[in-house]
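Peer 1: Curious how this folds, go ahead:
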Amino acid sequence: METSPAGAPHRLNPAGGCPHADNARLLALGAVAAVELPGGIEGMAVLGHEALREFLQHPEVAKDVRHFKALHEGRIEPGWPLLTFATVRGMTTADGADHRRLRSLVSRAFTPRRVEGLRSRVEELTDALLDGLAATEGVVDLRRHFALPLPMGVICELLGVEEQFRDRLHRLSNQVVATDIGPEAALAANRELVGVLGEIAASKAAHPRDDLTSALIAARDEGGDRLGQEELIGTLVLLIIAGHETTLNLITNAARALCGHRDQLDLVRAGGASWADVVEETLRWDSPVSYFPFRYPVRDLTVDGTTIPAGTPVLAGYSAAGRDQAAHGPDAGRFDVTRPARADAVRNLSLGHGAHYCLGAPLARLEATVALERLFTRFPDLELALPEGDLPRHASFVGNSVRELPVRL
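Peer 2: Numbering: from 1, shown residues only. Now for the predicted structure:
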């Protein structure tokens, strides 16, 4: 993100990059910042922990795109890189009864009990991937060959998506969440993603099985107000993207953090902290999502002394909130797996808060905990093959991670 002159909006860099230095500068100015989105669209970002917590659960903040003023004024061009975040039909762009209806259709697949039932399968997939890593020589990209196929495999098995589609779905998901993509490429990626998911849905309709996609199709075919066709495809888009991109970044960021902080890794191995502690500290210290689009105040709203005009697209600044010293103390910038458990009021927000809290949070935590424990047990000398500063960053200010994680096992 590029900082602008005092008083002017801060321009979010479409190419992404590491957000933490800029976050610190913005937080020093206040908990809420005016930002410039791609295409010169005016927006706001809520960065401070307490301000973000308040904003995420505010009753006069909406997710429905009908509140997006610039869009309805015709100022958003087709192919705008953030358009899918605003317009996809699903639980992340619905409010009230619609949100509860859509969320209820998938929530039973992600209860803590159902997720715990997946543990053995997660362990099995993890071990198979580690066997594959062990067969390689030299430097290997841990992100591509481990952090990616684990969550993608799990979410696709839940949805009943066959393996032949998975690489394509990841490539398209990556393009959909990119913020440096051109209009033609953005439109093409969205069309292709909708087409692939439509093909999968049609196959499931003809040959239903015991999977979440078949259950969603059954809800659609029951008629009434349970699920429309556009909502079906939108829900699949959200489940595919959120079901693997966030956990992919979480596992990648945690592995980087442990390689860069060997003292913390030693503490975990010695029993001074748990692998679950590693996951929680990574969520706070290096959130897998930096700025998540969008929420819209339904009236002019004052947050921490700053007025956000009605209809403004607002980003949730998760990576900034995670290092907010006002909430996490003067050492908020330090990676510390022994950090004391905080009260609920200051618990990390990187998986959301309020009605839209991440439905897949229990699954993400399970996958990351299993992955990290087994990775560093199998390869105790694992180390980065490049200095941290040389790792290529994610080409998005939405996701927060690196594109590659070359390691020596």
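
Peer 1: Send me stretch 79-87 as CSV with only the CA atoms.
Peer 2: Coordinates of each C-alpha in stretch 79-87 appear next as CSV, following Å, rounded to 0.1, in the frame of the first residue of the first chain:
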residue,chain,number,x,y,z
GLY,A,79,-14.1,-6.2,-14.9
TRP,A,80,-13.3,-4.2,-11.8
PRO,A,81,-11.0,-6.5,-9.8
LEU,A,82,-13.1,-6.4,-6.6
LEU,A,83,-16.5,-6.8,-8.2
THR,A,84,-17.0,-10.5,-7.4
PHE,A,85,-16.5,-9.8,-3.7
ALA,A,86,-19.4,-7.3,-3.9
THR,A,87,-21.8,-9.1,-6.2
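
Peer 1: i'd like the first residue to be 5 from this point on
Peer 2: Shifting the count to begin at 5 puts that one at stretch 83-91.

Peer 1: for it, which positions count as buried?
Peer 2: Under the neighbour-count criterion of 16 or more other Cβ atoms under 10 Å, stretch 83-91 has 83-90 buried. Quick note: C-beta positions are derived from backbone N, CA and C, even for glycine.

Peer 1: where's His248 relative to Ala325, distance?
Peer 2: Here His248 is placed at a distance of 23 Å from Ala325 (Cβ to Cβ, to the nearest Å).

Peer 1: Equivalent analysis for Gln233, please.
Peer 2: For Gln233, the distance to Ala325 - Cβ to Cβ - is 37 Å.

Peer 1: tell me which element the residue nearest the centre of the chain is part of?
Peer 2: In the chain, the centroid-proximal residue (Cα atoms, centre = their mean) is Thr250; its distance is 3.6 Å. In this assignment (DSSP states H and E), Thr250 forms part of helix 233-264.

Peer 1: Name the residues of that helix that are buried.
Peer 2: 235-263.

Peer 1: same question, stretch 95-102
Peer 2: For stretch 95-102, the neighbour count (16+ other Cβ under 10 Å) marks 95-99, 102 as buried.

Peer 1: same question, stretch 51-68
Peer 2: In stretch 51-68, counting by 16+ other Cβ under 10 Å, buried: 51-60, 65-68.

Peer 1: Same list (these) but as a markdown table, adding pLDDT and secondary structure.
Peer 2: Listed next are the buried residues of stretch 51-68 as a markdown table, based on pLDDT from 0 to 100; DSSP: H, G, I helix; E, B strand; the rest coil:
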| residue | pLDDT | secondary structure |
| --- | --- | --- |
| Leu51 | 98 | coil |
| Gly52 | 97 | coil |
| His53 | 96 | helix |
| Glu54 | 96 | helix |
| Ala55 | 97 | helix |
| Leu56 | 97 | helix |
| Arg57 | 96 | helix |
| Glu58 | 96 | helix |
| Phe59 | 97 | helix |
| Leu60 | 97 | helix |
| Val65 | 98 | strand |
| Ala66 | 98 | strand |
| Lys67 | 97 | coil |
| Asp68 | 97 | coil |
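
Peer 1: Next secondary structure after the helix holding Thr250?
Peer 2: Later in the chain than helix 233-264, the nearest helix or strand by DSSP H and E is helix 266-273.

Peer 1: now for whichever helix or strand comes after that following helix, which elements pack on it?
Peer 2: Toward the C-terminal end, the helix or strand that comes next after helix 266-273 (DSSP H and E) is helix 279-289. Judged by 3 or more Cβ pairs under 8 Å, 6 or more residues apart in numbering; DSSP states H and E, helix 279-289 is in contact with helix 233-264, helix 266-273, helix 322-326, helix 365-382.

Peer 1: Just tell me which of those ends up closest to Glu188.
Peer 2: helix 233-264 (19.7 Å; Cβ to Cβ).

Peer 1: so how far is Ala193 from Ser207?
Peer 2: Going from Ser207 to Ala193 by Cβ to Cβ gives 21 Å.

Peer 1: quick revisit: tell me the one of the buried residues of stretch 51-68 nearest Glu166?
Peer 2: Lys67 (31.6 Å).
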